[in-house]
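Student: Sequence first, predicted coordinates after that:
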Amino acid sequence: MASAAEVNTGKIDAVPEAVVVRFAGDSGDGMQLTGGQFTLSTALSGNDLATFPDFPAEIRAPQGTLFGVSAFQINFGSREINTAGDQPDVLVAMNPAALKTNVEALKPGGLIIADSGEFGKRNLDKAKYENNPLEDGSLAKWQLLSFDISQLTLDAVKPFGLGNKEALRCKNMWTLGLALWMFDRERQPIVDWLNQKFAKKPEIAEANIAALNAGHAYGETAELSGPMQKVHIPAAPSEPGLYRTITGAEAISLGLVAGTHLADLPMFFGGYPITPASAILHHLARYKEYGVTTFQAEDEIAAIASAIGASYSGSLGVTSSSGPGIALKGEAMGLAIMTELPLVVVNSQRGGPSTGLPTKTEQSDLYQAVYGRNGDAPMPVIAARSPADAFDCAIEAVRIAVQYMTPVMLLTDGYIANAAEPWAVPDMSDYKAFPVQHLTEAQDGGFKPYGRDEKLARPWVKPGTPDLMHRIGGIEKAVDTGHIDYAPENHQEMTEIRRDKVMGVAESIDDQQVDLGDAGGKLAIVGWGSTYGPIHQAVRRAREADHNVSHIHIRNIWPMPKNLGELLKSYEKVLVPEMNTGQLKTLLRDQFLVDAQPLNKTSGQPFLIAEILAAIEENLA
Amino acid sequence: MNEMTKVTTLKDWETDQEVRWCPGCGDYAILKAVQRTMPQLGADPANTVFVSGIGCSSRFPYYMESYGFHTIHGRAPAVATGVKLANPELDVWIITGDGDALSIGGNHTMHVLRRNLDCQIMLFNNEIYGLTKGQYSPTSREGTTSPSTPYGSVDHPASPCAFALGSGARFVARGIDVHKGLPDVLKAAHAHKGAAFIEIFQNCIVYNKDVFEEFAAKKTAASTQLWLTDGEPMLFEKGEKGIALDNENLTLKVVNVVDGDWEAAGVIVHDVTNRSIAHMLVELPFGEFPMALGVLYDDPKPTFESAVVEQNRLASEGKKPDLQALVSKGQTWTVKEGRAEL
């Protein structure tokens, strides 16, 4: 990354440390697929990487339009990569709309590869270009390589007798072939994948492979002419071991399965389709042999209500959604808090309010997670920082839920859910089990459904257990017995117990660490969630320039680590970059009376390293 | 439905909690009918779960010595779905009311019925919101005056049994809170494997007193109530009247039966599996016809939870859960001394 930003000459450096490539095309052009396969081959080459899929909310927006552009950005390198990169070095533009919406992000001197076959009058009109930018000199500050990818693809797949439309669908593989050549990648994994994907339609597989090979061969011959060069990025140094790429949605799904296994419980997942959270339901629906039952409910409320019912029956109930769906689940979360049943609620945040930006990322549900329920309704909240981190966060959410008999909110966002990164496959024997014991016999002194253990958790009794019949519900419960009780002193006591129980979770979490830099100093950059990458890189660069700045990243949003207040007070300044209008900043001020200052971005796009770096310099000036 | 036979008595099903319904409320009669019926079903309190929503009726679980979950408004069917899917062995009863099941929870009622979750759904219909002090409900008749409709309600009421049947219910029945026929309806519902929907006319003596009197009153019951029994002719008025098919209009009609010869009068024999007749029975306009009561429709088909269990089993067959293998799936590579290998 760092080096990529420094490459500012005409050509891509012969051996840069990192390169950012963005594939952009029509939403029907298969850009996400191209990006995904390029990611895989990059990971197999041993580069560290981060990706950023950026696609429209419309499934198939009208062809060629500006709002129908779908893009996939990947940053890969021979050193640690934490973000998808500020500015692309290479932009692959499959049509005029893709060029128009993406070219301004391209680094000056960067390379544009464009499909000239798509730059006819009709598409130029749709992209609101008066003249053909490939010909009018308007792209002069970048390097331009344009050739008729559409025609080259048609030529390559001609022997397979496909219709024009089907043949043109192979364009993305032609482009991928070119990219594979350009960055010295193996084609074989893609060939294997195509053969597997189109096992039932071998002619389609062969046509795609032919397109892939043709794109690759084109690179070989075009090298002689101009800016097109083969670039080899050496493998990033990484710990020996087994690796795979993983998206946040996959990591959460795997973490939930692992968590319920460590808790020795079956999992029940109630979900309702919503972007960008649905992928978790899709993944879990395939893990039935791991004791997972998935239920696509009639709505968001039924999704959480069924999960609560399953927890009552002795499984671990899990539900997942995005902001609007989480809002609908609010009343039911209160029920889980009141009945003190374990539950994991995953919120893949997106831009809001209301429908907002369904496919774009934001961190604006922090207030909703911490405060967003009627009554005094405390609930632990955890936030994942990256796709790989989501695995451990999901396990932690399960642990807290079952050990404290409470719903737990796990926050991720659209960026984490969709983005991929290499993941060192964990050794599961390193994880400590926390098996759940359902209560099967009355406690000493008689059965108390709302009796407490040392964590203030009440016992978990499964229906079907002889002699422990009891009733629970949303009405205030009497201490110990759980009978209906509206008495003033009882509500006071129960409210305090619920609060103390959740605040007590802080006893079981690690102290807040400083992710980069020193404990104490001039400036702390405090983040949470998916801003980890840009904050970390910005702080690293600032420190290399001898700035006194540290990075603190908070996983446990509620309750917060016990040492956090003191830690924050050991810095002269605290700056909180967030993709919202300052929600964590408010929480930190409220909890610790520290003068946390906001740095906010709500464009639906992740922070750039440069934006945070600029704020650091401003604060230290 | 569940293969459990436990010897209990009515007393075993009573809790130590003080019942908090208004004196004279029809809910008391329903509670007693259920507590009296449970021993006859051989039900095991430890294996029985009552799940309710919000409203007067939904306090019911607190008074049953079994497992009970008083949930949130309208959501009992959704909670019950999770309860049953997580443990299909449990005997699940849903207690709801007209507002709970047909207004705020209409969506869940529809889906629990179409999915055919194995449970009994008792809808206490009193045509009013009692717990919030008397507003008109989705089953209130047009013109109902209430605090929220001082000039009378103007919307058309929902018909619970027609809604249930339209949602795909495979068991639809009706009872009356104080009527001795209620336990038999409950037993039939319990014997039905699948979602069994029971509308119980329940008298709210405070906010909607005697709203069902025109057919619930004992004195006139012979002419206003049509109790249906599978395999028996549809007779009422001490056998002097019956229900026949109006072939020309494809509707039902009331016919006179002379000297007990119901066959000659064309009276039809109740077949609980006849869905077409069931559609007519749930829609019979009261007045012109008596109120159809008892088991209107009962034709089981496979249940939701059994299908889920079976699919989980088939999908897991021959696969051994191995967490290490699971996290290692997908396209992986190994790093050895800084070099990646496939």
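Tutor: Happy to help now that I have it.
Student: Beyond the worst-scoring helix or strand of chain A on mean pLDDT, next helix or strand please.
Tutor: When each helix and strand of chain A is scored by mean pLDDT, DSSP states H and E, helix A:2-6 comes last, with a mean of 34. Moving toward the C-terminus from helix A:2-6, the next helix or strand (DSSP states H and E) is strand A:18-26.
Student: Parallel or antiparallel, list what pairs with that following strand.
Tutor: Here strand A:18-26 has these sheet partners by DSSP bridges: strand A:69-77 (antiparallel), strand A:90-93 (parallel).
Student: Tell me which residues of that strand come out buried.
Tutor: A:A18, A:V19, A:V20, A:V21, A:R22, A:F23, A:A24, A:G25, A:D26 (16 or more other CB atoms under 10 Å in any protein chain shown). C-beta: built from backbone N, CA, C; applies to glycine.
Student: check contacts around the residue of the stretch 351-500 of chain A found nearest chain B.
Tutor: Using CB to the nearest CB, the single residue of the stretch 351-500 of chain A nearest to chain B is A:G473, 2.8 Å away. For A:G473, the contact set (CB atoms under 8 Å, 6 or more residues apart in numbering or on different chains) comprises A:M338, A:T339, A:I484, B:P61, B:Y62, B:G68, B:F69, B:H70, B:T71.
Student: Just grab the bridge partners of the spatially closest residue to the fourth one that is not a sequence neighbour for me.
Tutor: In other words, B:P61. Once flanking residues are discounted, B:P61 sits nearest to B:G68: 2.9 Å by CB to CB, 6 or more residues apart in numbering or on different chains. Beta-bridge pairing of B:G68 under DSSP bridges involves A:R471, B:F50.
Student: Isn't B:G68 up against B:P45?
Tutor: No. Assessed by CB atoms under 8 Å, B:G68 is found out of contact with B:P45, at 10.3 Å.
Student: The residue nearest the centre of chain A sits in which helix or strand?
Tutor: In chain A, the residue lying closest to the centroid (CA atoms, centre = their mean) is A:I416, at 0.7 Å. Secondary structure from DSSP H and E places A:I416 in helix A:414-418.
Student: What is that helix packed up against?
Tutor: helix A:248-262, helix A:278-284, strand A:343-349 (3 or more CB pairs under 8 Å, 6 or more residues apart in numbering or on different chains; DSSP states H and E).
Student: Which positions within the second one qualify as buried?
Tutor: With burial defined by 16+ other CB under 10 Å, the residues of helix A:278-284 counted as buried are A:S278, A:A279, A:I280, A:L281, A:H283, A:L284.
Student: helices and strands around the strand or helix carrying B:K84, which ones?
Tutor: Per DSSP H and E: B:K84 is located in helix B:76-86. Helices and strands touching helix B:76-86, by 3+ CB pairs under 8 Å, 6+ apart, are strand A:267-271, strand A:292-296, helix A:300-312, strand B:48-52, strand B:91-97, helix B:106-115, strand B:119-125, helix B:304-316.
Student: tell me the mean pLDDT for it?
Tutor: In this model, helix B:76-86 has a mean pLDDT of 98.
Student: what stretches of chain B score poorly on pLDDT?
Tutor: Within chain B, the ranges that satisfy pLDDT under 70 run B:1-4, B:337-342.
Student: By proximity to chain B, which residue of the stretch 301-450 of chain A wins?
Tutor: A:G309 (2.8 Å).
Student: For the closest residue to that residue other than its chain neighbours, give me its contacts.
Tutor: Once flanking residues are discounted, A:G309 sits nearest to B:G82: 2.8 Å by CB to CB, 6+ apart. For B:G82, the contact set (CB under 8 Å, 6+ apart) comprises A:268, A:270, A:295, A:305-313, A:317.
Student: Between these, identify the one with the most neighbours.
Tutor: Ranked by the number of neighbours (other CB atoms under 10 Å in any protein chain shown), those place A:A307 first, at 36 neighbours.
Student: State the distance from it to A:G317.
Tutor: According to CB to CB, to the nearest Å, A:A307 and A:G317 sit 3 Å apart.
Student: Find residues that contact each of those two.
Tutor: By CB under 8 Å, 6+ apart, the residues touching both A:A307 and A:G317 are A:F268, A:G270, A:L343, B:G82.
Student: what's the closest of those residues to A:L111?
Tutor: Nearest to A:L111, judged by CB to CB, of the shared contacts of A:A307 and A:G317 is A:G270 at 47.7 Å.
Student: Alright, I will stop here.
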